[in-house]
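Colleague: From the sequence below, what's the structure:
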Amino acid sequence: MSEIDILSFGETMAMFVAEQTGDLAQVGQFHKRIAGADSNVAIGLSRLGFKVAWLSRVGNDSLGRFVVDTLANEGLDCRHVSVDPLHPTGFQLKSREESGADPQVEYFRKGSAASHLSVADINPALLQARHLHATGIPPALSEATGELSVELMTQMRKAGRSVSFDPNLRPSLWSSQARMIREINALASLADWVLPGLSEGRLLTGFDDPADIAAFYLDQGAEAVAIKLGPDGAYYRTQMDQGFVAAVRVDTVVDTVGAGDGFAVGMISALLENSSFPEAVQRGNWIGSRAVQSRGDMEGLPTRAELPSRSVA
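Modeller: Residues are numbered from 1 along each chain as shown. Below is the predicted model:
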């Protein structure tokens, strides 16, 4: 049996979060953290007790060491994180918002070490993982990371492993919207579980209704689709069932970044524990609600002991 439950890959950046509200140009103090949708999900799954391997690349710099140390402290297996002597670790600046509005984020990641990940970085041992989680961010970084995404998803599904995919659209990283749509949908066709947000699904498929968006991906070969509806909860559809699952009420939204990653953590963890799809969506909604009540991208992700009994399979 493999020592790895879940394989995740992509870019983890250093993140400098403003300590004061207002324009980033006027902020004088920042708190250093990490950021990255793919590693957020990996951390969330590790906190729930899964053995998670992280495939990435960082620069030979202090930010790279900070990233790896932080991920290792979260329990991730970082033996497959390469140190790139030629390219730097990416980072971002993030504003502080008090009203629950989406924060302003500025990225400094072009040409980063992680954008030079390639198929050559795949160790065969990683393909023994039980599950692969992928997003649409790595293929937006470079041609090489796009090839890596296709190869990992293809090989894992060919081996009979389960594969989840969150489009996680980053339009500013793509050369054109048409290319983004084409390549993201091609990757979605390699996944068992597809997890778009409603606005993402509308852009990617051309359909407005969640049922039609889900049908689009089921027709491409997905086993199940869950569509995030924000404060309205989520819609799911499989070949046998469909329905809406209500959101968890949140009195105060602190930081919206990371809610979708929390949803993915809930979905993947519950499905790997053989929960039903509605139960998995319920857990996804609950962890997503936790994420928006904490400042930071992954600080609100719960441990196993913190899961409410109603969301445990």
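Colleague: Show the end-to-end separation of stretch 115-133, please.
Modeller: With C-alpha to C-alpha, to the nearest Å as the measure, stretch 115-133 spans 18 Å from end to end.
Colleague: which residue ranges form the helices in this protein?
Modeller: For the chain, applying DSSP state H gives helices covering 37-47, 62-73, 138-141, 143-158, 177-188, 198-205, 210-219, 259-272, 277-291.
Colleague: Okay, angle between the last one and helix 37-47 too, please.
Modeller: Here helix 277-291 runs at an angle of 100 degrees relative to helix 37-47 (axes from the mean of the first three to the mean of the last three C-alpha atoms, to 10 degrees).
Colleague: So which elements touch helix 277-291?
Modeller: Applying 3 or more C-beta pairs under 8 Å, 6 or more residues apart in numbering; DSSP states H and E, one finds that helix 277-291 makes contact with strand 224-228, strand 234-238, strand 242-245, helix 259-272. Quick note: C-beta positions are derived from backbone N, CA and C, even for glycine.
Colleague: hmm, try it at 6 Å
Modeller: Judged by 3 or more C-beta pairs under 6 Å, 6 or more residues apart in numbering; DSSP states H and E, helix 277-291 is in contact with strand 234-238, strand 242-245, helix 259-272.
Colleague: Show me what that helix is in contact with.
Modeller: When contacts are taken as C-beta atoms under 6 Å, 6 or more residues apart in numbering, the neighbours of helix 277-291 outside the stretch itself are 224, 226, 233-234, 236, 238, 245, 247-248, 250, 258-259, 262-263, 265-267, 270-271, 300, 302, 311.
Colleague: same deal with the second one?
Modeller: Contacts of helix 62-73 from elsewhere in the structure, counted by C-beta under 6 Å, 6+ apart, are 12, 14, 34, 54, 58, 78, 81, 89, 91.
Colleague: that older thread, now mean pLDDT too, for the helices and strands packed on helix 277-291, in JSON lines please.
Modeller: Conversion of the helices and strands packed on helix 277-291 to JSON lines gives the following (pLDDT from 0 to 100):
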{"stretch": "strand 234-238", "mean pLDDT": "95"}
{"stretch": "strand 242-245", "mean pLDDT": "94"}
{"stretch": "helix 259-272", "mean pLDDT": "93"}
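Colleague: Looking at those, spot the one closest to Tyr107.
Modeller: Shortest distance between Tyr107 and the helices and strands packed on helix 277-291, using C-beta to C-beta, is found for helix 259-272: 16.8 Å.
Colleague: That closest one versus helix 198-205: what angle between them?
Modeller: For the pair helix 259-272 and helix 198-205, the angle between their directions (the same axes, to 10 degrees) equals 80 degrees.
Colleague: ok, of the contacts of helix 62-73, which one's closest to Ala129?
Modeller: Lowest distance from Ala129 to these (C-beta to C-beta) belongs to Trp54, with 11.2 Å.
Colleague: nearest residue to the closest one other than its sequence neighbours?
Modeller: Leaving aside its chain neighbours, Trp54 sits nearest to Leu76 (4.5 Å; criterion: C-beta to C-beta, 6 or more residues apart in numbering).
Colleague: what does Val250 give?
Modeller: Across the structure, with C-beta to C-beta, 6+ apart as the measure, the residue nearest Val250 apart from its sequence neighbours is Ser289 (5.1 Å).
Colleague: Next one: the one you found from Pro308, what distance?
Modeller: When C-beta to C-beta, to the nearest Å is applied, the distance between Ser289 and Pro308 equals 11 Å.
Colleague: Of these two, give the one with the bigger neighbour count.
Modeller: Set side by side, Ser289 and Pro308 show more neighbours around Ser289, with 20 against 11, by other C-beta atoms under 10 Å.
Colleague: got the helices and strands packed on helix 277-291 as CSV, with distance to Gln282 and mean neighbour count columns?
Modeller: Compiled in CSV, the helices and strands packed on helix 277-291 are given as follows (distance: least, C-beta to C-beta, whole Å; neighbours: other C-beta atoms under 10 Å):
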stretch, distance to Gln282, mean neighbour count
strand 234-238, 9, 23
strand 242-245, 5, 16
helix 259-272, 8, 27
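Colleague: And these: which comes nearest Ala191?
Modeller: helix 259-272 (11.6 Å).
Colleague: List the contacts of the closest one.
Modeller: Helix 259-272 has contacts (C-beta under 6 Å, 6+ apart) with 37, 40-41, 44-45, 48, 164, 166, 195, 226, 228, 279-280, 283-284, 287-288, 291-292, 313.
Colleague: Now do that helix and strand 224-228, the angle between them.
Modeller: Between helix 259-272 and strand 224-228, the angle comes out at 150 degrees (the same axes, to 10 degrees).
Colleague: Now do the phi/psi pair for the residue nearest to Trp54.
Modeller: For Leu76, the backbone dihedrals (degrees, to the nearest 10) come out as phi -80, psi 140.
Colleague: returning to what we had before: and of the helices and strands packed on helix 277-291, who's closest to Leu117?
Modeller: When those are compared by C-beta to C-beta, helix 259-272 sits nearest Leu117, at 19.5 Å.
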